[in-house]
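K.L.:
how would this look folded up:
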Amino acid sequence: MLKKEQRLEQIVRLIGPDALPDSERIVLVVAEMIKNGFLQQNAFDDIDVYSVPEKQILILSLIMEFYKKAQALIKHGTPLVKINSLSVREEIIRIKTSIPNNELDKVNQIKSHLEEQFSSLEKLYQKVDIG
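P.N.:
Model prediction:
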């Protein structure tokens, strides 16, 4: 994902982000989520000073689930701006600083929000085939 992002960043620098289709711009969004919500660490934050491997796996799994669902919606015509505006995106990024290592069951709430928000977007942009 991060290698794809590097390649796309070069294109963005040359011709701007608007030249990329949403299916490629979502890679940039998810790479940012990985950098800010997974790789970046704050040693001064009581919760983020240390993360157990289980928490790291949960965060990365949620980010990848977000990506898969976003890709599917984009293929069916949902604009990236609508996917970007989902509040669950920020919730996923904040897991590392908001959920302590001993309360990982709270990640399931965020996973439920992910399912709900993507489901409502899917219903909103569902295309009806008239054949």
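
K.L.:
right, and Ile34 touches Lys3 too?
P.N.:
No: judged on C-beta atoms under 8 Å, Ile34 makes no contact with Lys3 at a distance of 11.7 Å. C-betas here are computed from N, CA, C, even on glycine.

K.L.:
what about those two, which has more around it?
P.N.:
Neighbour comparison, Ile34 and Lys3: the larger count goes to Ile34, with 20 against 9 (by other C-beta atoms under 10 Å).

K.L.:
for Lys4, see how far away the more buried one is.
P.N.:
Shown here: Ile34 relative to Lys4, a distance of 11 Å by C-beta to C-beta, to the nearest Å.

K.L.:
give me the buried positions along stretch 27-35.
P.N.:
Using 16 or more other C-beta atoms under 10 Å as the test for burial, stretch 27-35 gives Val27, Leu28, Val29, Val30, Ala31, Met33, Ile34.

K.L.:
in JSON lines, list these along with secondary structure, distance to Gln10 and pLDDT.
P.N.:
As requested, those are exported to JSON lines (DSSP: H, G, I helix; E, B strand; the rest coil; distance: C-beta to C-beta, whole Å; pLDDT from 0 to 100):
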{"residue": "Val27", "secondary structure": "helix", "distance to Gln10": "13", "pLDDT": "95"}
{"residue": "Leu28", "secondary structure": "helix", "distance to Gln10": "12", "pLDDT": "94"}
{"residue": "Val29", "secondary structure": "helix", "distance to Gln10": "17", "pLDDT": "95"}
{"residue": "Val30", "secondary structure": "helix", "distance to Gln10": "17", "pLDDT": "96"}
{"residue": "Ala31", "secondary structure": "helix", "distance to Gln10": "13", "pLDDT": "95"}
{"residue": "Met33", "secondary structure": "helix", "distance to Gln10": "20", "pLDDT": "96"}
{"residue": "Ile34", "secondary structure": "helix", "distance to Gln10": "18", "pLDDT": "96"}
